[in-house]
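>>> Quick one, structure for this:
(chains A and B)
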Amino acid sequence: MTTRYTEDHEYIKLDGDIGTVGITHFAQDKLGDLVYVEQPKVGRALKHGDDAAIIESVKAAAEAKAPVDGEVIEVNQAIVDDPSLVNSDPENAGWFFKIKIANKTQFDALLDEAAYKKFID
Amino acid sequence: MSAQLPDPLSKTPLFDLHVRLGARMVPFAGYEMPVQYPLGVMKEHLHTRAHAGLFDVSHMGQVELHGSEAAAALETLVPVDVIGLPAGKQRYALFTNEQGGILDDLMIFNTGTYLHLVVNAACKVQDFALLQTKIGSRCEVKVRDDLALLALQGPGAEAALKTIASGEIPQTFMQGGRVKLAGIDCLVTRSGYTGEDGFEISVPNAQCEALANALLGAPDVQPIGLGARDSLRLEAGLCLYGHDLDQTTTPVEAALTWAMQKVRRTGGARAGGFPGADVILAQLDDPSKVKRKRVGLKPEGRAPIREGVELHNESGEKIGVVTSGGFAPSLNAPIIMGYVDSAFSSVNTKIYAILRGNRALVTVVAMPFVQHGYRRQ
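Model prediction:
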(Lines give C-alpha, C1' and ligand atoms only; values in the text may rest on other atoms or scores of the structure.)
Protein backbone atom coordinates (compact mmCIF):
# COMPACT_ATOMS: atom_id res chain seq x y z
CA MET A 1 0.00 0.00 0.00
CA THR A 2 1.36 3.42 -1.02
CA THR A 3 0.31 6.79 0.38
CA ARG A 4 0.36 10.05 -1.53
CA TYR A 5 -0.56 13.60 -0.47
CA THR A 6 -2.02 16.75 -2.03
CA GLU A 7 -1.07 20.35 -1.40
CA ASP A 8 -4.63 20.75 0.00
CA HIS A 9 -3.66 18.31 2.77
CA GLU A 10 -5.60 15.25 1.69
CA TYR A 11 -3.95 11.86 1.74
CA ILE A 12 -4.82 8.87 -0.43
CA LYS A 13 -3.70 5.34 0.42
CA LEU A 14 -3.78 3.08 -2.60
CA ASP A 15 -4.54 -0.66 -2.36
CA GLY A 16 -4.93 -2.14 -5.86
CA ASP A 17 -7.20 0.36 -7.59
CA ILE A 18 -9.00 1.41 -4.38
CA GLY A 19 -7.86 4.63 -2.72
CA THR A 20 -8.73 5.56 0.87
CA VAL A 21 -8.97 9.35 1.21
CA GLY A 22 -8.76 11.53 4.30
CA ILE A 23 -7.18 14.69 5.63
CA THR A 24 -3.73 14.78 7.16
CA HIS A 25 -2.77 15.28 10.78
CA PHE A 26 -1.49 18.73 9.77
CA ALA A 27 -4.90 19.62 8.30
CA GLN A 28 -6.93 18.50 11.30
CA ASP A 29 -4.61 20.41 13.60
CA LYS A 30 -5.04 23.59 11.55
CA LEU A 31 -8.85 23.19 11.42
CA GLY A 32 -9.28 22.55 15.13
CA ASP A 33 -12.09 20.51 16.69
CA LEU A 34 -14.32 19.09 13.95
CA VAL A 35 -18.06 19.27 14.62
CA TYR A 36 -19.66 18.30 11.32
CA VAL A 37 -18.83 16.17 8.29
CA GLU A 38 -20.95 15.76 5.15
CA GLN A 39 -19.80 12.86 2.98
CA PRO A 40 -20.17 12.46 -0.78
CA LYS A 41 -22.81 9.99 -2.00
CA VAL A 42 -21.66 6.47 -2.77
CA GLY A 43 -21.57 6.11 -6.56
CA ARG A 44 -20.66 9.72 -7.19
CA ALA A 45 -18.05 10.19 -9.92
CA LEU A 46 -15.42 12.62 -8.67
CA LYS A 47 -13.00 14.61 -10.74
CA HIS A 48 -9.60 15.44 -9.34
CA GLY A 49 -9.99 18.71 -7.34
CA ASP A 50 -13.77 18.40 -6.81
CA ASP A 51 -15.15 19.27 -3.38
CA ALA A 52 -15.97 15.80 -2.13
CA ALA A 53 -16.77 16.16 1.59
CA ILE A 54 -17.78 19.20 3.65
CA ILE A 55 -15.92 19.69 6.92
CA GLU A 56 -16.87 22.13 9.68
CA SER A 57 -14.72 22.80 12.69
CA VAL A 58 -15.57 25.06 15.62
CA LYS A 59 -13.63 27.72 13.78
CA ALA A 60 -14.26 27.33 10.08
CA ALA A 61 -15.76 25.51 7.12
CA ALA A 62 -13.57 23.54 4.71
CA GLU A 63 -13.75 20.81 2.09
CA ALA A 64 -11.95 17.56 1.48
CA LYS A 65 -11.20 17.50 -2.23
CA ALA A 66 -10.87 14.49 -4.48
CA PRO A 67 -7.11 13.90 -4.95
CA VAL A 68 -7.70 11.94 -8.18
CA ASP A 69 -10.57 11.03 -10.53
CA GLY A 70 -12.66 8.12 -9.34
CA GLU A 71 -15.97 6.75 -8.15
CA VAL A 72 -16.94 6.84 -4.47
CA ILE A 73 -17.49 3.23 -3.36
CA GLU A 74 -17.70 3.61 0.41
CA VAL A 75 -17.92 6.41 3.02
CA ASN A 76 -16.90 6.32 6.67
CA GLN A 77 -20.13 6.84 8.64
CA ALA A 78 -18.17 6.78 11.92
CA ILE A 79 -16.77 10.30 11.30
CA VAL A 80 -20.27 11.60 10.49
CA ASP A 81 -21.50 10.25 13.83
CA ASP A 82 -18.41 11.45 15.68
CA PRO A 83 -16.37 14.07 13.76
CA SER A 84 -13.78 14.20 16.57
CA LEU A 85 -12.41 10.89 15.22
CA VAL A 86 -10.82 12.93 12.43
CA ASN A 87 -8.95 14.95 15.05
CA SER A 88 -7.87 12.01 17.16
CA ASP A 89 -6.90 9.58 14.38
CA PRO A 90 -6.97 11.35 10.99
CA GLU A 91 -4.90 8.88 9.02
CA ASN A 92 -6.54 5.66 10.29
CA ALA A 93 -9.99 5.52 11.95
CA GLY A 94 -10.71 9.08 10.76
CA TRP A 95 -10.61 8.29 7.00
CA PHE A 96 -13.33 9.92 4.84
CA PHE A 97 -14.16 7.81 1.78
CA LYS A 98 -12.86 5.17 -0.61
CA ILE A 99 -12.71 5.68 -4.34
CA LYS A 100 -12.08 3.35 -7.25
CA ILE A 101 -9.45 5.25 -9.11
CA ALA A 102 -9.65 5.70 -12.84
CA ASN A 103 -6.15 6.86 -13.60
CA LYS A 104 -3.07 5.65 -11.73
CA THR A 105 -0.83 8.29 -13.30
CA GLN A 106 -2.79 10.98 -11.41
CA PHE A 107 -1.95 9.15 -8.20
CA ASP A 108 1.72 8.84 -9.10
CA ALA A 109 1.90 12.60 -9.73
CA LEU A 110 0.89 13.44 -6.13
CA LEU A 111 3.39 14.21 -3.35
CA ASP A 112 5.09 11.33 -1.62
CA GLU A 113 5.55 11.42 2.14
CA ALA A 114 8.96 13.10 2.03
CA ALA A 115 7.74 15.77 -0.40
CA TYR A 116 4.61 16.44 1.67
CA LYS A 117 6.63 16.76 4.87
CA LYS A 118 8.84 19.26 3.13
CA PHE A 119 5.77 21.09 1.82
CA ILE A 120 4.26 21.63 5.27
CA ASP A 121 7.53 22.41 6.94
CA MET B 1 -4.86 62.05 24.32
CA SER B 2 -2.40 59.32 23.58
CA ALA B 3 -4.79 57.54 21.22
CA GLN B 4 -3.17 56.55 17.96
CA LEU B 5 -3.80 53.66 15.63
CA PRO B 6 -1.99 50.69 17.12
CA ASP B 7 0.82 49.52 14.87
CA PRO B 8 -0.02 46.36 12.95
CA LEU B 9 0.01 43.51 15.47
CA SER B 10 0.62 45.05 18.82
CA LYS B 11 1.31 42.70 21.71
CA THR B 12 -0.37 42.53 25.09
CA PRO B 13 1.80 42.22 28.22
CA LEU B 14 0.98 38.47 28.19
CA PHE B 15 2.37 37.76 24.71
CA ASP B 16 5.38 35.80 25.98
CA LEU B 17 3.22 33.86 28.42
CA HIS B 18 0.79 32.89 25.64
CA VAL B 19 3.66 31.61 23.53
CA ARG B 20 5.10 29.67 26.48
CA LEU B 21 1.68 28.12 27.10
CA GLY B 22 1.65 26.89 23.49
CA ALA B 23 -1.04 29.25 22.20
CA ARG B 24 -1.78 29.62 18.52
CA MET B 25 -1.49 33.36 17.94
CA VAL B 26 -3.64 35.17 15.35
CA PRO B 27 -4.14 38.80 14.35
CA PHE B 28 -7.22 40.30 16.03
CA ALA B 29 -8.18 43.99 16.12
CA GLY B 30 -4.55 44.95 15.52
CA TYR B 31 -3.16 42.65 18.20
CA GLU B 32 -1.46 39.30 18.14
CA MET B 33 -3.87 37.29 20.30
CA PRO B 34 -4.22 33.64 21.39
CA VAL B 35 -7.08 31.98 19.48
CA GLN B 36 -6.54 28.70 21.32
CA TYR B 37 -4.14 26.84 23.58
CA PRO B 38 -3.16 23.17 23.26
CA LEU B 39 -6.45 22.15 24.96
CA GLY B 40 -8.36 23.33 21.85
CA VAL B 41 -11.49 25.45 21.46
CA MET B 42 -14.00 22.75 22.38
CA LYS B 43 -12.33 21.67 25.64
CA GLU B 44 -11.48 25.26 26.58
CA HIS B 45 -15.13 26.17 26.17
CA LEU B 46 -16.39 23.25 28.25
CA HIS B 47 -13.72 23.84 30.89
CA THR B 48 -14.91 27.44 31.35
CA ARG B 49 -18.54 26.30 31.74
CA ALA B 50 -17.54 23.63 34.29
CA HIS B 51 -14.59 25.19 36.14
CA ALA B 52 -12.79 28.47 35.42
CA GLY B 53 -11.04 30.02 32.44
CA LEU B 54 -8.53 32.87 32.27
CA PHE B 55 -8.80 35.21 29.28
CA ASP B 56 -6.35 37.91 28.21
CA VAL B 57 -8.55 40.81 27.08
CA SER B 58 -5.84 43.43 27.37
CA HIS B 59 -6.44 44.48 23.76
CA MET B 60 -9.66 46.17 24.92
CA GLY B 61 -9.55 49.89 25.63
CA GLN B 62 -9.66 51.30 29.15
CA VAL B 63 -10.39 54.96 29.74
CA GLU B 64 -11.30 57.00 32.80
CA LEU B 65 -13.58 60.03 33.05
CA HIS B 66 -12.74 62.36 35.93
CA GLY B 67 -14.58 65.38 37.27
CA SER B 68 -17.93 66.22 38.83
CA GLU B 69 -19.63 66.47 35.42
CA ALA B 70 -18.32 63.15 34.06
CA ALA B 71 -21.58 61.18 34.42
CA ALA B 72 -23.76 63.97 33.02
CA ALA B 73 -21.34 64.46 30.13
CA LEU B 74 -21.23 60.74 29.31
CA GLU B 75 -25.05 60.68 29.23
CA THR B 76 -24.86 62.88 26.11
CA LEU B 77 -23.20 59.95 24.28
CA VAL B 78 -25.12 56.90 25.59
CA PRO B 79 -28.86 56.15 26.05
CA VAL B 80 -28.09 54.89 29.54
CA ASP B 81 -28.58 56.12 33.13
CA VAL B 82 -25.03 57.02 34.16
CA ILE B 83 -25.89 59.69 36.74
CA GLY B 84 -27.93 57.10 38.66
CA LEU B 85 -25.20 54.44 38.58
CA PRO B 86 -24.21 53.95 42.25
CA ALA B 87 -20.60 53.89 43.38
CA GLY B 88 -19.25 50.35 43.20
CA LYS B 89 -21.60 49.34 40.37
CA GLN B 90 -21.07 48.59 36.70
CA ARG B 91 -23.45 48.96 33.76
CA TYR B 92 -23.54 47.96 30.07
CA ALA B 93 -23.84 50.87 27.63
CA LEU B 94 -23.77 51.82 23.95
CA PHE B 95 -22.30 54.78 22.10
CA THR B 96 -24.89 55.81 19.50
CA ASN B 97 -24.67 57.97 16.36
CA GLU B 98 -27.10 60.59 15.01
CA GLN B 99 -28.98 57.93 13.02
CA GLY B 100 -29.53 55.88 16.18
CA GLY B 101 -26.91 53.31 15.11
CA ILE B 102 -24.40 51.80 17.51
CA LEU B 103 -20.80 53.09 17.40
CA ASP B 104 -19.59 50.61 20.06
CA ASP B 105 -20.76 48.79 23.16
CA LEU B 106 -18.96 49.30 26.44
CA MET B 107 -18.95 48.79 30.22
CA ILE B 108 -19.11 51.71 32.66
CA PHE B 109 -17.96 51.26 36.24
CA ASN B 110 -18.45 53.95 38.88
CA THR B 111 -15.47 53.78 41.22
CA GLY B 112 -17.00 56.45 43.45
CA THR B 113 -14.46 59.06 42.39
CA TYR B 114 -14.36 58.55 38.61
CA LEU B 115 -15.89 56.43 35.83
CA HIS B 116 -13.86 53.50 34.45
CA LEU B 117 -14.87 52.52 30.90
CA VAL B 118 -13.97 49.38 28.95
CA VAL B 119 -14.48 49.56 25.17
CA ASN B 120 -13.85 47.19 22.26
CA ALA B 121 -10.33 46.89 20.89
CA ALA B 122 -11.36 47.48 17.27
CA CYS B 123 -13.24 50.68 18.19
CA LYS B 124 -11.04 52.10 20.91
CA VAL B 125 -9.22 54.72 18.85
CA GLN B 126 -12.48 56.29 17.64
CA ASP B 127 -14.09 55.87 21.07
CA PHE B 128 -11.25 57.76 22.76
CA ALA B 129 -11.49 60.46 20.09
CA LEU B 130 -15.27 60.66 20.51
CA LEU B 131 -14.95 61.12 24.27
CA GLN B 132 -12.23 63.71 23.89
CA THR B 133 -14.01 65.68 21.18
CA LYS B 134 -17.54 65.58 22.54
CA ILE B 135 -17.09 65.74 26.31
CA GLY B 136 -13.39 66.51 26.81
CA SER B 137 -14.31 70.06 27.84
CA ARG B 138 -16.61 68.85 30.63
CA CYS B 139 -14.45 66.12 32.17
CA GLU B 140 -10.92 64.79 32.02
CA VAL B 141 -10.61 61.88 29.55
CA LYS B 142 -7.72 59.72 30.66
CA VAL B 143 -6.74 56.85 28.35
CA ARG B 144 -5.21 54.07 30.45
CA ASP B 145 -3.02 52.17 28.03
CA ASP B 146 -0.80 51.40 31.00
CA LEU B 147 -3.47 48.95 32.19
CA ALA B 148 -4.06 45.37 31.08
CA LEU B 149 -7.32 43.44 31.48
CA LEU B 150 -7.86 39.82 32.48
CA ALA B 151 -11.17 37.96 32.68
CA LEU B 152 -11.61 35.01 35.02
CA GLN B 153 -14.83 33.26 34.11
CA GLY B 154 -16.77 30.19 35.17
CA PRO B 155 -18.47 28.63 38.20
CA GLY B 156 -15.04 28.09 39.78
CA ALA B 157 -13.93 31.71 39.31
CA GLU B 158 -14.84 32.87 42.81
CA ALA B 159 -12.96 30.04 44.51
CA ALA B 160 -9.94 30.61 42.27
CA LEU B 161 -9.90 34.35 42.92
CA LYS B 162 -10.17 33.81 46.66
CA THR B 163 -6.95 31.77 46.65
CA ILE B 164 -5.00 34.95 45.82
CA ALA B 165 -7.23 37.76 47.18
CA SER B 166 -6.64 39.59 50.41
CA GLY B 167 -9.84 41.23 51.63
CA GLU B 168 -13.35 41.35 50.23
CA ILE B 169 -14.08 40.51 46.61
CA PRO B 170 -17.18 41.88 44.84
CA GLN B 171 -20.16 39.82 46.00
CA THR B 172 -22.68 40.05 43.17
CA PHE B 173 -22.97 40.51 39.40
CA MET B 174 -21.96 44.01 38.21
CA GLN B 175 -20.41 45.01 41.53
CA GLY B 176 -16.80 46.04 41.79
CA GLY B 177 -14.02 47.65 43.72
CA ARG B 178 -10.31 47.64 44.41
CA VAL B 179 -8.90 44.31 45.57
CA LYS B 180 -5.34 43.15 46.30
CA LEU B 181 -4.65 40.04 44.25
CA ALA B 182 -1.32 38.27 44.78
CA GLY B 183 -0.23 41.51 46.43
CA ILE B 184 -1.13 43.59 43.36
CA ASP B 185 -3.63 46.44 43.62
CA CYS B 186 -6.35 45.72 41.02
CA LEU B 187 -9.74 47.04 39.96
CA VAL B 188 -12.07 44.03 40.01
CA THR B 189 -15.65 43.86 38.72
CA ARG B 190 -17.90 40.82 38.96
CA SER B 191 -18.73 40.65 35.25
CA GLY B 192 -17.54 39.26 31.95
CA TYR B 193 -18.74 38.16 28.56
CA THR B 194 -19.23 34.40 28.75
CA GLY B 195 -22.60 34.21 30.55
CA GLU B 196 -20.84 32.70 33.58
CA ASP B 197 -20.17 34.10 37.01
CA GLY B 198 -16.74 35.67 36.97
CA PHE B 199 -14.54 38.71 37.20
CA GLU B 200 -12.79 41.25 35.04
CA ILE B 201 -9.54 42.47 36.50
CA SER B 202 -7.83 45.68 35.50
CA VAL B 203 -4.15 45.48 36.40
CA PRO B 204 -1.02 47.52 35.57
CA ASN B 205 0.76 46.17 32.46
CA ALA B 206 3.94 45.60 34.44
CA GLN B 207 2.20 43.27 36.92
CA CYS B 208 -0.15 41.52 34.53
CA GLU B 209 2.01 38.46 33.95
CA ALA B 210 2.59 37.94 37.68
CA LEU B 211 -1.17 38.10 38.24
CA ALA B 212 -1.89 35.74 35.33
CA ASN B 213 0.60 33.22 36.68
CA ALA B 214 -0.95 33.46 40.16
CA LEU B 215 -4.42 32.82 38.71
CA LEU B 216 -3.19 29.96 36.53
CA GLY B 217 -1.71 28.45 39.68
CA ALA B 218 -5.16 28.13 41.26
CA PRO B 219 -6.74 24.69 40.92
CA ASP B 220 -8.99 24.20 37.87
CA VAL B 221 -7.98 27.42 36.05
CA GLN B 222 -7.01 27.01 32.39
CA PRO B 223 -5.96 29.70 29.89
CA ILE B 224 -8.73 30.20 27.30
CA GLY B 225 -8.36 31.72 23.83
CA LEU B 226 -10.50 33.94 21.63
CA GLY B 227 -12.04 30.93 19.86
CA ALA B 228 -13.80 29.74 23.00
CA ARG B 229 -14.53 33.31 24.07
CA ASP B 230 -16.58 33.65 20.88
CA SER B 231 -18.54 30.40 21.31
CA LEU B 232 -19.14 31.17 25.00
CA ARG B 233 -20.55 34.65 24.32
CA LEU B 234 -22.68 33.33 21.45
CA GLU B 235 -24.23 30.64 23.69
CA ALA B 236 -24.88 33.40 26.24
CA GLY B 237 -26.73 35.42 23.56
CA LEU B 238 -24.28 38.32 23.86
CA CYS B 239 -23.54 40.58 20.88
CA LEU B 240 -20.17 40.94 19.23
CA TYR B 241 -19.57 44.45 17.91
CA GLY B 242 -18.88 44.55 14.16
CA HIS B 243 -20.93 41.40 13.69
CA ASP B 244 -24.21 41.58 15.65
CA LEU B 245 -24.01 45.34 16.19
CA ASP B 246 -22.84 48.11 13.89
CA GLN B 247 -23.44 51.72 12.91
CA THR B 248 -26.63 50.81 11.02
CA THR B 249 -28.22 48.85 13.89
CA THR B 250 -30.22 50.62 16.59
CA PRO B 251 -30.33 49.36 20.19
CA VAL B 252 -34.04 48.57 19.71
CA GLU B 253 -33.40 46.47 16.60
CA ALA B 254 -30.55 44.79 18.47
CA ALA B 255 -32.96 43.80 21.29
CA LEU B 256 -30.87 45.78 23.78
CA THR B 257 -33.75 47.87 25.15
CA TRP B 258 -32.96 46.47 28.63
CA ALA B 259 -29.77 48.57 28.50
CA MET B 260 -31.81 51.79 28.22
CA GLN B 261 -33.18 52.72 31.63
CA LYS B 262 -36.59 54.43 32.01
CA VAL B 263 -35.05 57.74 33.02
CA ARG B 264 -33.61 58.16 29.49
CA ARG B 265 -36.81 57.12 27.69
CA THR B 266 -39.86 59.15 26.69
CA GLY B 267 -41.47 60.44 29.88
CA GLY B 268 -38.30 59.93 31.93
CA ALA B 269 -36.67 62.75 33.92
CA ARG B 270 -33.69 62.84 31.51
CA ALA B 271 -35.40 61.53 28.37
CA GLY B 272 -33.34 61.73 25.18
CA GLY B 273 -30.27 63.92 24.99
CA PHE B 274 -28.09 61.25 23.36
CA PRO B 275 -27.18 60.94 19.66
CA GLY B 276 -30.02 59.47 17.58
CA ALA B 277 -32.54 59.87 20.42
CA ASP B 278 -35.32 60.83 17.96
CA VAL B 279 -34.91 57.56 16.04
CA ILE B 280 -34.37 55.33 19.08
CA LEU B 281 -37.18 56.77 21.22
CA ALA B 282 -39.58 56.67 18.26
CA GLN B 283 -38.81 52.96 17.86
CA LEU B 284 -39.35 52.37 21.58
CA ASP B 285 -42.65 54.26 21.52
CA ASP B 286 -43.99 52.69 18.33
CA PRO B 287 -42.96 49.06 17.67
CA SER B 288 -44.26 49.34 14.07
CA LYS B 289 -41.20 51.51 13.39
CA VAL B 290 -38.89 48.58 14.17
CA LYS B 291 -38.41 46.90 10.81
CA ARG B 292 -36.00 44.17 11.89
CA LYS B 293 -34.91 42.50 15.08
CA ARG B 294 -32.02 40.49 16.45
CA VAL B 295 -33.11 36.94 17.26
CA GLY B 296 -31.67 33.58 18.23
CA LEU B 297 -32.14 30.71 15.79
CA LYS B 298 -31.66 26.97 16.01
CA PRO B 299 -30.96 24.92 12.89
CA GLU B 300 -32.72 21.59 12.42
CA GLY B 301 -29.60 19.75 11.30
CA ARG B 302 -26.07 19.53 12.71
CA ALA B 303 -24.31 21.68 10.13
CA PRO B 304 -23.04 25.00 11.54
CA ILE B 305 -24.51 28.03 9.74
CA ARG B 306 -22.17 31.00 9.77
CA GLU B 307 -22.13 34.77 9.52
CA GLY B 308 -23.39 36.15 6.22
CA VAL B 309 -25.75 33.30 5.38
CA GLU B 310 -29.12 34.61 4.07
CA LEU B 311 -32.39 33.87 5.83
CA HIS B 312 -35.46 33.35 3.63
CA ASN B 313 -39.20 32.93 4.12
CA GLU B 314 -41.29 30.06 2.75
CA SER B 315 -41.63 31.76 -0.65
CA GLY B 316 -37.89 32.26 -0.99
CA GLU B 317 -37.69 36.00 -0.28
CA LYS B 318 -34.74 37.25 1.74
CA ILE B 319 -35.99 38.30 5.19
CA GLY B 320 -32.77 38.39 7.16
CA VAL B 321 -29.13 37.47 7.59
CA VAL B 322 -26.97 35.52 10.04
CA THR B 323 -24.63 37.82 12.01
CA SER B 324 -23.04 35.17 14.27
CA GLY B 325 -23.26 31.46 13.84
CA GLY B 326 -21.36 28.43 14.91
CA PHE B 327 -21.31 25.30 16.96
CA ALA B 328 -22.33 25.42 20.61
CA PRO B 329 -20.09 22.99 22.52
CA SER B 330 -22.33 23.08 25.62
CA LEU B 331 -25.37 22.06 23.55
CA ASN B 332 -23.51 19.86 21.08
CA ALA B 333 -25.51 21.60 18.35
CA PRO B 334 -25.24 24.57 16.00
CA ILE B 335 -26.70 27.95 17.06
CA ILE B 336 -27.28 31.24 15.23
CA MET B 337 -27.77 34.90 16.00
CA GLY B 338 -29.15 37.06 13.22
CA TYR B 339 -31.48 39.81 12.11
CA VAL B 340 -34.91 39.11 10.62
CA ASP B 341 -37.82 41.29 9.47
CA SER B 342 -39.91 41.94 12.58
CA ALA B 343 -42.80 39.85 11.19
CA PHE B 344 -40.57 36.77 11.54
CA SER B 345 -39.11 37.53 14.98
CA SER B 346 -41.55 35.67 17.26
CA VAL B 347 -40.30 32.59 19.06
CA ASN B 348 -41.10 29.33 17.21
CA THR B 349 -41.28 31.02 13.78
CA LYS B 350 -39.78 28.68 11.19
CA ILE B 351 -37.67 30.13 8.39
CA TYR B 352 -34.87 28.96 6.13
CA ALA B 353 -31.12 29.51 6.02
CA ILE B 354 -29.59 29.20 2.57
CA LEU B 355 -26.66 26.89 3.20
CA ARG B 356 -24.44 26.05 0.20
CA GLY B 357 -27.45 26.59 -2.08
CA ASN B 358 -29.83 24.41 -0.06
CA ARG B 359 -32.64 25.47 2.28
CA ALA B 360 -32.01 24.48 5.90
CA LEU B 361 -34.92 24.83 8.32
CA VAL B 362 -34.19 27.09 11.33
CA THR B 363 -36.48 28.09 14.21
CA VAL B 364 -36.55 31.37 16.16
CA VAL B 365 -35.76 30.62 19.82
CA ALA B 366 -35.41 32.67 22.99
CA MET B 367 -31.90 33.65 24.08
CA PRO B 368 -29.66 32.95 25.90
CA PHE B 369 -29.06 29.52 24.38
CA VAL B 370 -27.36 28.47 27.64
CA GLN B 371 -28.64 29.80 30.98
CA HIS B 372 -26.54 32.56 32.52
CA GLY B 373 -24.68 31.69 35.70
CA TYR B 374 -24.43 35.24 37.08
CA ARG B 375 -24.33 35.61 40.87
CA ARG B 376 -27.38 37.81 41.42
CA GLN B 377 -27.35 37.74 45.21
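>>> tell me which parts of chain A are close to chain B?
For chain A, the contact set with chain B under CB under 8 Å from any CB of the partner chain comprises A:32-33, A:35-36, A:38, A:54, A:56, A:58-59, A:61. Using the backbone N, CA and C atoms, a C-beta is placed for each residue, glycine as well.
>>> Please compute how far stretch B:134-141 lies from its chain's middle.
Its chain's C-alpha centre and that of stretch B:134-141 lie 25 Å apart, by CA atoms, centre = their mean, to the nearest Å.
>>> before we move on, back to that, reformat the residues of chain A next to chain B as TSV; add secondary structure.
Output for the residues of chain A next to chain B, formatted as TSV (DSSP: H, G, I helix; E, B strand; the rest coil):
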residue	secondary structure
A:Gly32	coil
A:Asp33	coil
A:Val35	strand
A:Tyr36	strand
A:Glu38	strand
A:Ile54	strand
A:Glu56	strand
A:Val58	coil
A:Lys59	coil
A:Ala61	strand
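>>> Return the item of these having minimum pLDDT.
pLDDT across these is lowest for A:Lys59, at 84.
>>> Please report the distance of it from B:Tyr31.
Note on A:Lys59: its distance to B:Tyr31, by CB to CB, to the nearest Å, is 18 Å.
>>> Now distance to B:Ile135 too, for the residues of chain A next to chain B, in CSV please.
CSV is the format used below for these (distance: CB to CB, whole Å):
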residue, distance to B:Ile135
A:Gly32, 43
A:Asp33, 45
A:Val35, 46
A:Tyr36, 48
A:Glu38, 53
A:Ile54, 51
A:Glu56, 45
A:Val58, 41
A:Lys59, 40
A:Ala61, 44
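>>> Export the residues you listed to TSV and append columns for neighbour count.
Listed next are the residues of chain A next to chain B as TSV, based on neighbours: other CB atoms under 10 Å in any protein chain shown:
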residue	neighbour count
A:Gly32	19
A:Asp33	22
A:Val35	24
A:Tyr36	18
A:Glu38	17
A:Ile54	17
A:Glu56	23
A:Val58	25
A:Lys59	21
A:Ala61	16
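>>> Grab the nearest non-local neighbour of the residue in the stretch 251-377 of chain B that chain A sits nearest to.
The nearest approach of the stretch 251-377 of chain B to chain A comes at B:Phe327, 4.2 Å away (CB to the nearest CB). Of all residues not flanking B:Phe327 in the chain, A:Val35 sits nearest, at 4.2 Å (CB to CB, 6 or more residues apart in numbering or on different chains).
>>> how far does stretch B:329-348 stretch from start to finish?
End-to-end distance for stretch B:329-348: 23 Å, by CA to CA, to the nearest Å.
>>> Please state the offset of it from the chain centre?
19 Å.
>>> mind listing what's buried in that stretch?
Applying a neighbour-count criterion of 16 or more other CB atoms under 10 Å in any protein chain shown, the buried positions in stretch B:329-348 are B:329-330, B:334-342, B:344-345.
>>> again, but for stretch A:73-89
A:75-76, A:79-80, A:83, A:85-87.
>>> ditto for stretch B:191-205
Quick answer for stretch B:191-205 (16+ other CB under 10 Å): B:191-203.
>>> How about stretch B:106-114?
For stretch B:106-114, burial by neighbour count (16+ other CB under 10 Å) applies to B:106-110, B:114.
>>> Looking at the residues you listed, which is nearest B:Ala70?
B:Tyr114 (6.6 Å; CB to CB).
>>> mind listing what that closest one touches?
B:64-67, B:70 (CB atoms under 8 Å, 6 or more residues apart in numbering or on different chains).
>>> quick revisit: of the buried residues of stretch B:191-205, which pair is most distant in space?
B:Gly195 and B:Val203 (23.3 Å).
>>> what number of residues lie near B:Lys350?
13 (other CB atoms under 10 Å in any protein chain shown).
>>> What segments of chain A are strands?
A:2-5, A:10-15, A:18-23, A:34-38, A:45-46, A:51-57, A:61-65, A:70-75, A:97-101 (DSSP state E).
>>> Spit out the contact partners of B:Gly357.
Contacts of B:Gly357 by CB under 8 Å, 6+ apart: none found.
>>> and the closest residue to B:Leu226 other than its chain neighbours, how far is that from B:Arg229?
Leaving aside its chain neighbours, B:Leu226 sits nearest to B:Val35 (5.0 Å; criterion: CB to CB, 6+ apart). Going from B:Val35 to B:Arg229 by CB to CB gives 9 Å.
>>> quick one, strands of the stretch 151-300 of chain B?
Per DSSP state E, counting those that start in this stretch, the stretch 151-300 of chain B carries strands over the ranges B:165-166, B:176-181, B:184-189, B:198-204, B:221-223, B:292-299.
>>> Generate a markdown table for the buried residues of stretch B:329-348, with secondary structure as supplementary columns.
Shown next, in a markdown table, are the buried residues of stretch B:329-348 (three-state DSSP):
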| residue | secondary structure |
| --- | --- |
| B:Pro329 | coil |
| B:Ser330 | coil |
| B:Pro334 | strand |
| B:Ile335 | strand |
| B:Ile336 | strand |
| B:Met337 | strand |
| B:Gly338 | strand |
| B:Tyr339 | strand |
| B:Val340 | strand |
| B:Asp341 | strand |
| B:Ser342 | helix |
| B:Phe344 | helix |
| B:Ser345 | coil |
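>>> so which of those are also by chain A?
Answer for the buried residues of stretch B:329-348 near chain A (CB under 8 Å from any CB): B:329, B:334.
>>> would you list every one of the helices in the stretch 101-250 of chain B?
For the stretch 101-250 of chain B, applying DSSP state H, counting those that start in this stretch gives helices covering B:124-135, B:157-162, B:205-216, B:226-235.
>>> just those helices: most buried one?
helix B:226-235 (a mean of 25; mean count of other CB atoms under 10 Å in any protein chain shown).
>>> Mark which of the contacts of B:Tyr114 are part of helices, please.
Residues of these located in helices (DSSP state H): B:Ala70.
>>> Among the contacts of B:Tyr114, which lie within strands?
Per DSSP E, these map to strands at B:64-66.
>>> and which of these is nearest B:Leu256?
B:Leu65 (21.9 Å).
>>> isn't the closest one right up against B:Leu117?
Yes: with contact defined as CB atoms under 8 Å, B:Leu65 reaches B:Leu117; the gap is 6.8 Å.
>>> Now list whatever residues contact both of those two.
Joint contacts of B:Leu65 and B:Leu117 (CB under 8 Å, 6+ apart) are B:Leu131.
>>> OK, contacts around B:Pro86?
With CB under 8 Å, 6+ apart, B:Pro86 has these contacts: B:Asn110.
>>> Next one: it from chain A, what distance?
40 Å (CB to the nearest CB, to the nearest Å).
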